[in-house]
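Engineer: From the sequence below, what's the structure:
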Amino acid sequence: MQGGTASFEVRLGVSIPMSDGVSLNADLYLPRGVAPQPCLFKMTPYNTDFSYKSAAGFARHGFAVCVVDIRGRGGSGGVVDVYSEGPDGADCVAWIARQPWCDGQVAMFGGSYSGMNQWVVAAQRPPALKAIAPLVAPLVGFDADGYRGIMVSYSARWSALIQGKTLHWRLFEDEDYWRELNTRHWAAGRDINGLALLTGAHDPLMQTLIDGFDDPAWIARRTPTPEQYAQIDIPVLTATGTAENCQLGAVEYRKRHLAARPGAQHWLMIGPTTHAGLRDVPPSDTAADTPDRHEAEEIEGATVLAFYNWALRGQAFPAFLDAPAKIYLAEAERWCALPEVPRYQDFHPSAGRLLSTASSSPGTTRLQGPPPPPMPSGAASLFMVSAGENALDGWHLTDHSGAQQTFTSDPLPEPMDYLGPARAVLDLTCSHDGLDVMVIVYAILPGGQTRILAADLARIEGREARPLVLDGFHMDGVRLAQGSRLAMQVRILNSPEFQRSPGAIAAKGAEEMVLHEAASVLQLPLYPIGALA
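Structural biologist: Predicted coordinates:
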């Protein structure tokens, strides 16, 4: 978000009354010497000062800005009730619209937790709320604390961050400390409740997450219902990243909104970014830190600003949003429209290979424990959530997530564009109920480097999953050079980053999974060069 020269003043410690008598703390950023302006509003669990940079940026563009501590955090009263800010947000919107510095129009901004709560506030339909732009927004029960019944150990680290009224930021940043805790918890085979004791004393917030994660009613109260999605008739701009560990949730919000309200004004941008912004340079991606990538991030910021100017000030619609959904295509270094229906090519696993036609004599692949040895100090794990913002941390494969088998294709005879989510159908038989499986799709480039494209995982509650459909792969976009090979790795998931299943703990190293190749297929979204708009 470049430019912006408007002068503004900051007002700290403003009290906003809620309908139940609790008061929330807010910081205001108000343009000087102008008529009442539209207000951009954010609710955060991370204390208001954490939002200074973005709030000041919008104020320099002439918007009034209001940043509010959620209930129970920072200077706000009450008790934290995570992911449930809808009623409080609606009260804030009504209060803001009545203030003399606001022209009666409010939009919400922010990412991550502050992207999530835009949805629950919009579900309340406060009349003054005119638009939302949720960025990198997790979805409760989908990727906020875990996925498909598998809770991430990172949740305990996040809970420690927001304990009490202030941020425990230095504790949160200590990668070595959390790696050691997670590895010790994993090695001891402790159950999910052990995460609430990870820091030595019982953590009531973490216990709330553990209990709620297994309670569909708790989750349902923290996400819009289909009926509420159908009533959200304001413009929405969703932004997420190809290397973003909450991308699935951000995209799922849009899917649910459009399913409930066909034709909704809802646009999607998927840039070359992580949860925190422009991604670190992966070893196989030579263009990751080029001016093109930084320009892509600037385009996203400028588009969000233009979106607010259009929705609140009647200015021109953002030219960048010339398609309902756009994604950045790495290596080609350009944006393209995301196809509404992916164009899949089928690959069949057989004896360690991915075949373009099914084998005439399919066999079976056996994955067997015991668990891998303890992770070396400082080692990078494929899904070491505690080691970075990026769920694909390191962008290369390691051997610390359980028994595995890799299937590899022939080299590509010509360059191809990989764009959109993969899909896999696996015919599995398991030795125990409750084993976890992970499937990783990656490319082996002509120089031998690996580039992860997507991954999906599932908890298999029965001993047979026939078939197990994996359709939760991340969306990525990359031009693959001629000679690149495609690969699928199937793993018994056994890693400190994920809460091991009770079945895997009980097995004590005897886990076994059999992949029946005849009824298994990997579907990859591949396009000839020039086929994408």
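Engineer: can you pull the contacts of residue 112?
Structural biologist: Residue 112 makes contact with 135-138, 246, 275, according to C-beta atoms under 8 Å, 6 or more residues apart in numbering. For the C-beta atoms, the positions are set from N, CA and C on the backbone; glycine is no exception.
Engineer: again, only using 6 Å
Structural biologist: residue 136 (C-beta atoms under 6 Å, 6 or more residues apart in numbering).
Engineer: i'd like the first residue to be 52 from this point on
Structural biologist: Okay, using 52 as the starting number, the last item reads as residue 163.
Engineer: ok, so what distance separates it from residue 369?
Structural biologist: According to C-beta to C-beta, to the nearest Å, residue 163 stands 23 Å off from residue 369.
Engineer: Residue 256: neighbouring residues, count only.
Structural biologist: Using other C-beta atoms under 10 Å, residue 256 has 20 neighbouring residues.
Engineer: Could you grab the helix/strand/coil label for it?
Structural biologist: At residue 256, secondary structure determined by DSSP: H, G, I helix; E, B strand; the rest coil is helix.
Engineer: so who does the closest residue to it other than its chain neighbours touch?
Structural biologist: Once flanking residues are discounted, residue 256 sits nearest to residue 210: 4.8 Å by C-beta to C-beta, 6 or more residues apart in numbering. Applying C-beta under 6 Å, 6+ apart to residue 210 gives the contacts 254, 256-257.
Engineer: Run through this structure and note the low-pLDDT ranges.
Structural biologist: Where the chain drops to pLDDT under 70, the residues are 52-53, 329-342, 420-453, 551-560.
Engineer: In the protein, where's the longest helix?
Structural biologist: The longest helix of the chain (DSSP state H) is helix 342-364.
Engineer: Report all helices and strands that that helix contacts.
Structural biologist: Identification of packing neighbours for helix 342-364 by 3 or more C-beta pairs under 6 Å, 6 or more residues apart in numbering; DSSP states H and E yields strand 153-159, strand 180-183, strand 317-322.
Engineer: rerun that using 8 Å as the cut-off
Structural biologist: strand 88-95, strand 153-159, strand 180-183, strand 287-292, strand 317-322 (3 or more C-beta pairs under 8 Å, 6 or more residues apart in numbering; DSSP states H and E).
Engineer: Residue 473 is nearest to which of those strands?
Structural biologist: Taking C-beta to C-beta, strand 317-322 is the member of these nearest to residue 473, at 15.1 Å.
Engineer: Using PDB, list the CA coordinates for the closest one.
Structural biologist: This file holds the C-alpha atoms of strand 317-322, laid out as PDB (Å, rounded to 0.1, in the frame of the first residue of the first chain):
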ATOM      1  CA  HIS A 317     -16.800 -11.900  -3.900                       C
ATOM      2  CA  TRP A 318     -13.300 -11.800  -5.400                       C
ATOM      3  CA  LEU A 319     -10.200 -13.900  -4.600                       C
ATOM      4  CA  MET A 320      -6.500 -13.200  -4.900                       C
ATOM      5  CA  ILE A 321      -3.900 -16.000  -4.300                       C
ATOM      6  CA  GLY A 322      -0.400 -14.400  -4.400                       C
END
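Engineer: ok, it: who's next to it in the sheet?
Structural biologist: Applying DSSP bridges, strand 317-322 is found paired with strand 287-292 (parallel), strand 376-380 (parallel).
Engineer: between these, which gets nearest to residue 515?
Structural biologist: Per C-beta to C-beta, nearest to residue 515 of these: strand 287-292, 34.6 Å.
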